[in-house]
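1. model this:
(2 chains, ligands or ions: 4)
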Amino acid sequence: MSTRGQTHLWMVQRVTAMILALAVLVHLVTIIGAVRGGLSAAEILGRTHGNGAWFAFYVVFALSAGLHGAIGLRNIAAETIGLRGRGADLAWLAIGLVTAGFGIRAAYGLFA
Amino acid sequence: MAEPASLKVSVWRGGEQGDFARYEVPARANQTVLDVVTHIQRELDPSLAYRFACRVGMCGSCAMTVNGRARWTCRTHVRKVVGADGELELRPLANLPVIRDLAADLTPFFDKWQRAQGRFQPKDATDGAVPEEFAVVPPASKARREADAGIECIGCAVCYASCDVVTWNPDYLGPAALNRAWTLVNDVRDAGHGERLDAVAGDAGCHSCHSTQSCTERCPKNLDPSSAIAGLKRRLFWDTLLGRR
Ligand code: HEM
Ligand code: SF4
Ligand code: SF4
Ligand code: FES
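-> Ligands and ions are numbered 1, 2, ... in the order given. Here you go, the predicted model:
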């Protein structure tokens, strides 16, 4: 990867870190709100079903977590086991997107 | 602290492969670690290889690993690093090839200064000629203060030997070269910013630094390469985001 591409990865990781800092807070508040007075499927679906803003938030959250985590693991793998190069980079991108995909699929299940 | 009457010194002998030799050196008042090494070489074993020049903390040639920590030996008092047991362990600087005994090969370290475009490229005299006028750089300007903060580097490689990222990634430019690049990026007389910022970006450059600050903690000149590197990251972030590079 070019140094410009590597710079972009670093930028994505820092921007997603900022998003995550905020999103983790929102997520925690949501969890605490959701479990008050017992947790029921009907109550959760009532809140999430067809709620576009809620779904958009979790898409951004999942994408940020997936990309942030994969870029971070890429750094760790390069430094600890010397895993570097184009093949590894493509694999990390795939891992990041698949992780995000799982999150988005779960959110979509509650939205649709 | 109780002063031991003599020092029990373990000194690395050999190249990459080698072993420690033990020497007993009389303890003296105000003795530096370099004094100890010199005593061994002059009085006990003339075949010992080590490097020094100025003996007053200016030239940057005397750095070694002293009891596990990179230090300039000419300005390190023995009493600061040796306990009551008088044990002193000396090895060549880490993260560099060993030439022999206490002399490390600093070639990779200085090659990286070149790779980081660590040389001044005058704006008004690109052909190397002396400019007509002096450049006026207000001492209180932000760029001048940023440059000032890093300018006193003596190239001792203590920071380089103390950085884990250099150990993990031999291509990493390291704290001193990046610190140098940051002083030049803040030099308003310099014309090479674009190339230099390209040279210090990415996995082998500033973006691999974890801001752990070993470099800053160990620099004998009290410089702060870690903050210089953060400056490079900040500059590259905005320049890239706003399409200025
Ligand atoms: C509150 C939210 C988060 C913030 C503010 C945050 C911030 C950061 C920052 C600043 C770094 C860079 C550290 C360095 O360069 O040394 C980092 C690295 C990393 N993060 Fe996060 N992070 C957050 C959440 C997460 C989550 C949810 C994951 C897992 C998916 C994660 C996984 C990682 C990994 C694996 C690294 C690589 C470590 C390294 O490069 O040293 N982080 N994070
Ligand atoms: S702050 Fe960066 S350059 Fe300095 S020791 Fe830590 S990783 Fe190395
Ligand atoms: S930054 Fe400090 S520790 Fe590093 S080479 Fe320069 S003077 Fe030595
Ligand atoms: S001998 Fe010059 S800095 Fe130590």
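
2. give me the residue from chain B nearest ligand 1.
-> B:His210 (3.7 Å; CB to the nearest ligand atom). Just so you know, the C-beta spots here come from the backbone N, C-alpha and C atoms, and that holds for glycine as well.

3. quick one: what helix or strand has that residue in it?
-> Under DSSP states H and E, no helix or strand contains B:His210.

4. in chain A, which spans are strands?
-> In chain order, chain A shows no strands, with DSSP state E as the criterion.

5. distance of the closest residue to ligand 3 within it relative to A:Ala107?
-> Using CB to the nearest ligand atom, the single residue of chain A nearest to ligand 3 is A:Glu79, 21.0 Å away. Using CB to CB, to the nearest Å, we find A:Glu79 at a distance of 33 Å from A:Ala107.

6. repeat for B:Gly86
-> Taking CB to CB, one finds B:Gly86 at 66 Å from A:Ala107.

7. repeat that for B:Ala228.
-> Relative to A:Ala107, B:Ala228 is positioned 42 Å away (CB to CB).

8. of the two, which one has the most company?
-> Taking other CB atoms under 10 Å in any protein chain shown, B:Ala228 and A:Ala107 do not tie; B:Ala228 has more neighbours (28 against 19).

9. name the nearest residue to the residue of chain B positioned farthest from its centre, sequence neighbours excluded.
-> Going by CA atoms, centre = their mean, the residue of chain B most distant from its centre is B:Glu132, 34.8 Å out. Spatially, and ignoring its direct neighbours in sequence, B:Glu132 is nearest to B:Asp124 (7.7 Å; CB to CB, 6 or more residues apart in numbering or on different chains).

10. and the longest helix seen in chain B, what's buried?
-> In chain B, assigned by DSSP state H, the helix with the most residues is helix B:225-241. For helix B:225-241, burial by neighbour count (16 or more other CB atoms under 10 Å in any protein chain shown) applies to B:225-229, B:231-233, B:235-237, B:239-240.

11. please parse chain B into its domains.
-> B:6-104, B:107-241 (automatic domain parsing).

12. looking at the ones you listed, which is closest to A:Ala70?
-> Nearest to A:Ala70 among the domains of chain B is domain B:107-241; the distance by CB to CB comes to 15.0 Å.

13. quick one, helices of the chain?
-> No chain was given, so I picked chain A. Under DSSP H, chain A gives helices at A:3-35, A:41-48, A:52-81, A:86-111.

14. not quite, I wanted chain B
-> Using DSSP H, helices in chain B cover B:33-39, B:78-81, B:107-115, B:142-150, B:158-162, B:164-168, B:175-185, B:193-200, B:214-218, B:225-241.

15. model confidence over the shortest one, on average?
-> The average pLDDT within helix B:78-81 is 96.

16. could I get that helix in CSV with only the CA atoms?
-> Written as CSV, here are the backbone C-alpha positions of helix B:78-81 (Å, rounded to 0.1, in the frame of the first residue of the first chain):
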residue,chain,number,x,y,z
VAL,B,78,27.8,6.4,38.4
ARG,B,79,26.1,7.2,41.7
LYS,B,80,22.8,7.9,39.7
VAL,B,81,22.7,4.4,38.2
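
17. now chain A against chain B: closest residue?
-> Closest contact between chain A and chain B, by CB to the nearest CB, is at A:Thr3 (3.2 Å).

18. where are the low-confidence patches of chain B?
-> B:1-3, B:126, B:128 (pLDDT under 70).

19. what is the neighbour count of residue 41?
-> You didn't say which chain, so I picked chain A. As a burial measure, A:Ala41 scores 8 neighbours (other CB under 10 Å).

20. chain B, not that one
-> Other residues near B:Gln41 number 17, with proximity taken as other CB under 10 Å.
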